[in-house]
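Q: Predicted coordinates and the sequence they were generated for:
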Amino acid sequence: MVNRDGEWAPAGPLLFVLENRVGPHLTETDLQLMEHRVIAEKGVAARVATIVEPVLADLGFRLVRVKINGMNGCTVQIMAERPDGSMNVEGCEAISRAISPVLDLEDPIDRAYHLEISSPGIDRPLVRRSDFERWAGHEAKVETALPVEGRKRFRGLLRGLDGEAARIERLDAKPDEVVDVMVPLADITEARLVLTDELIRETLRRDKHRELQDLGDDVDIEDVDAVPDEADNDNRPGWAGKGKAKDAKTKGGPNRQGKKAGKPSGEKPSTNE
């Protein structure tokens with residue numbers, strides 16, 4: 001329309017449709033890589049985790065846990081996995097090559113250490129919301145910072161999540177104790193699966209399912225349930241590197257030169273839980 005001055009003017013408000021340029025479409029794998037951990041480290045281990053997490057993500061892995069053990073020297077253990085839960089020796093080697101120079105540069109450890117890269121293993125730690133849902137129905141041990149129903153340690157069957165709490169059906173409950181417990185995720189300091197025959201069979205079944213999917217459509221995936229009743233539990237691939245690739249500072253003493261060396265190693269999950 002034309003206004004009083006003879007100029008064109010809109011008859012009503014103008015609406016502009018802007019193209020959404022938030023970013024490329026995120027795949028399911030991308031979302032799994034981005035899922036944060038609800039159970040994380042503190043202190044020096046937390047600093048190491050902050051350093052290695054983006055490096056792992058660039059390689060297509062996600063961090064499970066960082067653990068620093070000072071017994072018999074210092075060992076820095078980094079547990080990692082692909083979003084589907086898989087890991088092999090080649091993956092451990094790739095992670096070691098990528099994070100070793102980054103750790104040397106950032107220098108979060110003030111002494112010589114032994115770097116160990118491994119998969120979570122069968123009796124794995126549970127650190128993400130999806131872990132509690134994915135392994136629902138299996139036995140787990142859970143420890144909390146604050147008492148829940150009068151105790152800080154629980155052993156029972158995972159029953160998934162209810163909001164911000166993990167539901168646990170206690171197997172060690174006495175007749176006068178609550179069996180179905182809701183444990184706030186924010187209060188959990190450690191949670192891990194308990195090694196059982198059922199867990200071993202289910203882990204093998206899932207591993208075989210992934211292998212068949214990787215082989216493509218020519219494989220009959222119905223054979224996925226054909227797994228043995230008993231299996232060798234030494235299935236945790238790993239890569240161990242001795243020392244550091246630089247001078248290691250030691251508090252109150254002279255520097256020690258660490259020699260870097262490594263070899264693939266398998267770590268058998270503990271059965272003394």
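A: Structure received.

Q: Do a quick rundown of the strands in the stretch 101-250 of the chain.
A: Counting by DSSP state E, counting those that start in this stretch, one finds strands in the stretch 101-250 of the chain at the ranges 114-118, 139-148, 151-162, 165-170, 180-184, 188-193, 238-242, 247-248.

Q: Residues contacting the third one, please?
A: For strand 151-162, the external contacting residues (Cβ atoms under 8 Å, 6 or more residues apart in numbering) are 126, 129, 132-133, 135-146, 148, 166-173, 180-183, 185, 194. The C-beta positions use only the backbone N, C-alpha and C, and glycine is treated the same way.

Q: Just the buried residues of those.
A: For the contacts of strand 151-162, a burial check counting by 16 or more other Cβ atoms under 10 Å picks out 126, 129, 132, 135, 138-142, 144, 148, 166-168, 170, 173, 181-183, 185, 194.

Q: Per-residue pLDDT of the closest residue to residue 172 other than its chain neighbours, please?
A: Closest residue to residue 172 apart from its sequence neighbours, by Cβ to Cβ, 6 or more residues apart in numbering: residue 155 at 5.1 Å. For residue 155, the pLDDT comes out at 97.

Q: What of residue 53?
A: As predicted, residue 53 sits at a pLDDT of 97.

Q: so what's it up against?
A: Residues in contact with residue 53 (Cβ under 8 Å, 6+ apart) are 62, 63.

Q: Would you indicate which residues of the helix or strand where it lies are buried?
A: If you go by DSSP states H and E, residue 53 is part of helix 43-59. Buried residues in helix 43-59, counted by 16+ other Cβ under 10 Å: 45, 48, 49, 51, 52, 53, 55, 56, 59.

Q: Equivalent analysis for stretch 188-200, please.
A: Neighbour-count burial for stretch 188-200, counted by 16+ other Cβ under 10 Å, picks out 188, 191, 192, 193, 194, 195, 199, 200.

Q: roughly how far apart are the residue nearest to residue 172 and residue 165?
A: Distance of residue 155 to residue 165, computed by Cβ to Cβ, to the nearest Å: 17 Å.

Q: cool, and residue 203?
A: 26 Å.

Q: Look at the two and report which has more neighbours.
A: The residue with more neighbours, out of residue 203 and residue 165, is residue 203; 23 against 17, by other Cβ atoms under 10 Å.

Q: pLDDT value on the more buried one, please?
A: For residue 203, pLDDT reads 94.

Q: Quick check: closest non-adjacent residue to it.
A: residue 122 (5.1 Å).

Q: neighbours around the one you found, how many?
A: Neighbours around residue 122, by other Cβ under 10 Å: 21.

Q: pLDDT-wise, which helix or strand of the protein ranks last?
A: strand 256-257 (a mean of 31; mean pLDDT, DSSP states H and E).

Q: need the contact list for residue 79.
A: Applying Cβ under 8 Å, 6+ apart to residue 79 gives the contacts 63, 64, 65, 66, 67, 118, 119, 120, 125.

Q: what is it paired to in the beta sheet?
A: Under DSSP bridges, the beta-bridge partners of residue 79 are residue 65, residue 118.

Q: Would you mind listing where the stretch 51-200 of the chain has pLDDT under the threshold?
A: Within the stretch 51-200 of the chain, not a single segment meets pLDDT under 70.

Q: go again using 80 as the cut-off
A: 71-72 (pLDDT under 80).

Q: any idea how far residue 41 lies from residue 212?
A: Distance of residue 41 to residue 212, given as Cβ to Cβ: 36 Å.

Q: That should have said residue 175, apologies.
A: In terms of Cβ to Cβ, residue 175 sits 46 Å off from residue 212.
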